Every structure is written in C-alpha cells, then in structure tokens.
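Engineer: sequence and predicted structure, then a few things I'm wondering about:
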Amino acid sequence: MTAIASAVLMAELDDAMNDRSPARRVEILRQVTNLFLADVDRLNPVQIEVFDDVLVRLIERSEARTLAQLSANLSGLTLAPRDAVRKLAFHEDASVAAPVLRRSDGLSDEDLVEVANTGGQEHLLAISGRDTLSESLSDVLVVRGDSVVRGTLAQNSGARFSEAAYESLVRDAERDDGLTEKLGRRQDIPIRLLEELVAKASARARARILQSASPDVLEIIKAAVAKGAERAATLQPKPVDYTESLRTVIELNRKGKLNDQSVNRFAVQGEYPSVVAALALLTTVPVEAIESLIRNPQLDGLMVACKAARLNWSTAAMIIHNRPGCVSASKPQVERAREMFETLVLSTAQRTVRIWSEEKSGREKRLVG
C-alpha cells in the first residue's frame, strides 16, 4: 500500500474503534495487518512501534476467531510487534495464544514463564513445542503440565531440563511406557537417571529404548539393565517389628502427647517405625498400609494419610524428606504434594482412609473364609 493509503487508513482507525459493526473492525484489522506484513522488512523501530500500538487497540476489540488468524500471521516474524504478540500470547483462548506461544521470537523467557504459570493445558502444550526451552521454563511446564505436555517436552530435543525436572519425569515414567521411551532416547539425561529409568522400565519399553539407542548410550543402558536385575535378585526388604513402636505411640496418645511435635521428632530422628505406628494409630489404618505409602515414590497416598492424621504441612514435609531407603523427592514433587495437602479437605482424607481400612478388613475376612 502507498504512504497516502496508509495515512488514510490510520485516520479511519479512531472511527472504527467506536463503530458498532464487528465486520468493519475485522476489515480494519485485516488491512492494518496486511500493510504491516507487506512493509515489515522496510520498517524502522519507530514505525514498528506505531503499528504495535494500533494492533493492540484493535486486538482489544476483536473476536477470538479473527485474532487466531492474526496470531498465525505474526507468529513467524522476526520483527513482530512486541506488545501485540504479548497481548495475543496472554489471551485466554488457546486458539489465539497458541500460534505465537509455539513460534514467536517476540516473547521473552519471562513472558513464557508467566504464561506457563497461569495458562491452561493447551497454552502449556503450545509452549512445550517451541524450538528451544530454557531450564527454568521447562521446570514450570513439568510441574504444571499434564501427561500430554510432559510427553511433548520429553521428545523435544530443544528443551533443557534441570536435574530436578528430570527426576520428576523419570518418576512419572514408572507408569507411562510412552514417556519412558521418549526419555530413554534423550542424549542429555543424567546417567544415574537413565540407569534408574531403564531399571524400572517394563520389558516392552526397555526393548524399544535398546532398539533406538545410539551405540555410546547402548552400553550404559545394558549395564543399567544388568544392575537392576542384580538388585532385584539380591535385595529383600527386611520385615519390621512394630510392636515396640505401637506400644510407644499408644502410650503417647493416652497422655495426649501424640501430635505434630512428636511425629515430627520421630521423622527428624529417623525413627520411622514410630512414624508408621503413629500414622496408623491416628488414621486407624493398618501399619502395613502406612508402610507401603511411606515407601511409594508417588506421594499422594502419604499426603492423604498425613491430612487424615491432622498433621500440619511442616510435619508432612519432614516425613517426605527423611523416608528411609527412598530416593529423595524432587522439588516439583514436593510442590505438588504440598498443593495436594493444602487443598485436601480433612473429611475427604478421613473418608478415604476409612475405605482403605474397610477394604483390607474385607480381604482378610475373605481369606479366612
């Protein structure tokens, strides 16, 4: 378009803003966009800023369907108008936000982290498909993302993960063969976590990892398989006698001293038979059930028991961090556990543990019968 035409177009903008006809606003947005796209390579920073201001004003008055097309048009531009792109990226409709979230270079890492912290799963999925992702951004996506987002991240070779994020993904992979295979193909996964991943993988997932592994990684994987098989054959968990611990916590309970302070102290001092006995008594759940929750790498069940026992988060966190014979929980895991603990309703937690107790009692009766 000529300079005269563009001047006329800008002069019409204010009238268009107040026009009640959506069709006219759509047409103005289309013309401004086309004008910008046609001249973008010849525009100086000041001119781009003018277009930016105009587009932001039009975005605020346009429908999602129109904005989705604008987002697609601007997403691949190196010199995209920053504020307009940012406005689109933060749009609540994922069809509008996704194109720029997935491709635009006009978004800073801080912008993307902010969207990742507040957006829905479709927003997170779009970000997880970007060509490159920093550790800080990937950490947020791992914590907030669902299984689809995490799977997309795991197969994105341009994503960089902190060790804590990798630990979280490896734990998630225990119940997800697809995620196991994607992580097993990554070149940057820490060796110890690759060994843990392979050792715990299903036979099918392990075979697929071996099939696609590069020669230098193949020997590491084979060694991990052998090590895991050796551990499984030789390590037998020693049964724990809870008689004395139960006697201790029953006496504390009789004196009214079985509380957060005493359970916290048991955890800090590594007296885990007493921790198990205390949780069992406070929740009326068998010690065997509590023992399995303590050892489970997934923390949901343990958080239900801690809430049902009326413990506070400080004590629950101490129990998590000092579990004997367990790999340390990652920061994202602990954050998810805290979120669950703090949002869990006491009555719901207590009802859940009653169901556990009734199910165990029913199984025992059936065995006796």
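Structural biologist: Nice, I can see it. If you're wondering where the values come from, they're calculated on a predicted model, not measured in any experiment.
Engineer: only C-alpha atoms from now on, for both contacts and neighbour counts.
Structural biologist: Will do.
Engineer: please tell me how far the spatially closest residue to residue 82 that is not a sequence neighbour sits from residue 351.
Structural biologist: With CA to CA, 6 or more residues apart in numbering as the criterion, residue 82 has its nearest non-adjacent residue at 5.5 Å, and that residue is residue 106. To residue 351, residue 106 is 50 Å away according to CA to CA, to the nearest Å.
Engineer: between those two, which one's more packed in?
Structural biologist: Ranked by neighbour count (other CA atoms under 10 Å), residue 106 and residue 351 place residue 106 first, with 22 against 13.
Engineer: residue contacts, the more buried one?
Structural biologist: Counting by CA atoms under 8 Å, 6 or more residues apart in numbering, residue 106 makes contact with 78, 79, 80, 81, 82, 85, 86.
Engineer: now a ChimeraX select for only the buried ones of those.
Structural biologist: Selection of buried members from the contacts of residue 106 for ChimeraX, criterion 16 or more other CA atoms under 10 Å:
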select :79,80,81,82,85,86
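Engineer: quick check, nearest of the contacts of residue 106 to residue 344?
Structural biologist: residue 86 (35.3 Å; CA to CA).
Engineer: hmm, residue 107 and that closest one touching each other?
Structural biologist: Yes - applying CA atoms under 8 Å, one finds residue 86 in contact with residue 107, separated by 6.5 Å.
Engineer: any weak-confidence spans in the stretch 201-350 of the chain?
Structural biologist: Scanning the stretch 201-350 of the chain with the threshold set as pLDDT under 70 gives 216-217, 220, 222-238.
Engineer: just the helices in it please.
Structural biologist: Ranges of helices in the stretch 201-350 of the chain, per DSSP state H, counting those that start in this stretch, are 203-212, 215-234, 243-254, 260-268, 272-283, 287-295, 300-308, 313-321, 331-343, 346-368.
Engineer: domain assignment for this protein?
Structural biologist: 1-107, 243-368 (automatic domain parsing).
Engineer: for residue 118, which of the ones you listed is the nearest?
Structural biologist: Closest among the domains of the chain, once you apply CA to CA, is domain 1-107, at 9.1 Å.
Engineer: any idea how far the most centrally placed residue in the chain is from residue 179?
Structural biologist: The centre of the chain sits closest to residue 143, judged by CA atoms, centre = their mean, with a distance of 2.5 Å. In this view, residue 143 and residue 179 are 15 Å apart by CA to CA.
Engineer: what's the answer for residue 314, then?
Structural biologist: Distance from residue 314 to residue 179, by CA to CA: 32 Å.
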